[in-house]
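Participant: structure, please.
(one chain, ligands or ions: 2)
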Amino acid sequence: MKIIIDTDPGQDDAVAILLALASPEIEVLGITAVAGNVPLDLTARNARIVCELAGRTDVPVHAGCDRPLARDLVTAEHVHGKTGLDGADLPDPQMPLAEGHAVDFLIETLRAEPEGSVTLCPLGPLTNVATALQRAPDIAPRIGRIVLMGGAYFEVGNITPAAEFNIYVDPEAAKIVFGAGVPLTVVPLDATHKALTTRARNDAFRTAGRVGEVVAGWTGFFERYDKEKYGSEGAPLHDPCVIAWLLKPELFTGRDVNVEIEVDSPLTRGMTVADWWGVTDRPVNATFIGDVDAEGFFALLTERIARL
Ligand code: RIB
Ligand code: CA
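Facilitator: Ligands and ions are numbered 1, 2, ... in the order given. Got it, this is the predicted structure:
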């Protein structure tokens with residue numbers, strides 16, 4: 001399957017990219033960087049670092065939007081560190097950014113590839129994808145599926161009491177994407193908060209070769225914040241769940257529901273209002289994932305990382 005990863009690396013984004021690059025079932029047509037966890041210059045840098053780590057400098061990395069559609073940028077250095085990839089000491093990238101803005105790459109690629117053959121995998125704020133849909137509405141029916149990490153229902157929020165970070169940063173963009181009529185799979189905190197790193201899982205990464213050691217360094221850094229905040233044994237590996245869903249959807253369960261995005265209220269900005277119990281007649285627009293087989297997820301992830 002052909003995918004484009006839209007991302008704001010971020011240690012968990014980095015692991016998701018590695019999982020995709022390590023999996024022969026997936027052809028990564030390109031990576032589009034967006035401002036999110038850290039500013040755009042760093043997400044565009046980090047995406048290239050990950051490609052070089054995987055020995056895949058053939059994958060084009062395009063820089064995209066450096067701020068949300070209508071809001072100031074909110075970043076998450078408190079979680080990911082100043083560079084966005086703290087936890088492993090990696091050299092600056094040698095590979096250049098690909099020519100052209102990420103939004104143009106999204107539009108041109110979707111117009112060039114056979115209709116329905118490309119899956120978009122947004123792992124950060126939805127600014128790039130929403131901008132592409134606004135600028136070129138003709139691409140909506142050409143997208144096979146959007147599989148994104150974002151939102152929450154039972155888990156409610158992580159950056160505010162009501163909202164998950166990716167949706168919170170650019171709620172207007174999320175409203176556009178969730179309303180575009182494109183087949184949509186949402187991997188929310190309800191699933192990713194069950195994909196927790198543990199000492200044993202990090203040890204398994206550490207012994208999974210050269211790249212596994214780097215992943216263990218990232219998860220070791222990344223988890224300190226979540227362990228403190230949630231008192232949990234480890235940190236949720238959010239973004240790799242998106243790629244794992246592509247590879248082994250049977251590891252996940254969810255429901256086809258309506259999901260609306262709050263854009264007006266300052267208190268609940270970015271909330272994903274999922275009609276999980278079907279109490280409205282709002283149209284179904286998403287497959288909303290509620291659970292994951294964590295053991296199966298980590299087994300898949302570790303086995304693939306070891307191949308790099
Ligand atoms: O809320 C978790 C999401 O926000 C993940 O994608 C993480 O990388 C950050 O972007
Ligand atoms: Ca991310």
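Participant: which ones are touching the residue nearest in space to the middle of the chain?
Facilitator: When Cα atoms, centre = their mean is applied to the chain, the residue found nearest the centroid is Leu123 (1.6 Å). Residues in contact with Leu123 (Cβ atoms under 8 Å, 6 or more residues apart in numbering) are 5-8, 10, 12-13, 16, 148-149, 166, 238-239, 242. For every residue, glycine as well, the C-beta is placed using N, CA and C.
Participant: contact residues of the stretch 101-250 of the chain facing ligand 2?
Facilitator: Counting by Cβ under 5 Å from the ion, the positions of the stretch 101-250 of the chain adjacent to ligand 2 are 123-124, 239.
Participant: in strands, which of the residues you listed fall?
Facilitator: Judged by DSSP state E, strands contain none of those.
Participant: mind listing what Pro68 touches?
Facilitator: 35, 125, 127, 169-170, 172-173.
Participant: sorry, wrong one. I was asking about Val214.
Facilitator: Listed by Cβ under 8 Å, 6+ apart, the contact set of Val214 reads 53, 88, 90.
Participant: from the residues you listed, which is closest to Gly181?
Facilitator: Nearest to Gly181 among those, counting by Cβ to Cβ, is Leu53 at 36.8 Å.
Participant: the closest one and ligand 1: what is the separation?
Facilitator: 17 Å (Cβ to the nearest ligand atom, to the nearest Å).
Participant: what is the neighbour count of that residue?
Facilitator: Residues near Leu53, counting by other Cβ atoms under 10 Å, number 22.
Participant: ok, it to Ala244 distance?
Facilitator: 19 Å (Cβ to Cβ, to the nearest Å).
Participant: can you check Asp281 too?
Facilitator: Distance from Asp281 to Ala244, by Cβ to Cβ: 33 Å.
Participant: Thr57 too?
Facilitator: The gap separating Thr57 from Ala244 is 25 Å, by Cβ to Cβ.
Participant: just Thr198 next, same as before
Facilitator: 17 Å.
Participant: neighbour count winner among those two?
Facilitator: Counted by other Cβ under 10 Å, Thr198 and Ala244 do not tie: Ala244 has more neighbours, with 28 against 16.
Participant: how deep is the residue in the stretch 151-300 of the chain that ligand 2 sits nearest to tucked in, by neighbour count?
Facilitator: Among the residues of the stretch 151-300 of the chain, Asp239 lies closest to ligand 2, at 4.9 Å counting by Cβ to the ion. By other Cβ under 10 Å, 32 other residues sit near Asp239.
Participant: what do you get for Ile17?
Facilitator: 31.
Participant: what of Arg201?
Facilitator: Arg201 has 23 nearby residues by other Cβ under 10 Å.
Participant: assumed it was part of a helix.
Facilitator: Yes: remark: Arg201 belongs to a helix, assigned using DSSP: H, G, I helix; E, B strand; the rest coil.
Participant: good, we can wrap up now.
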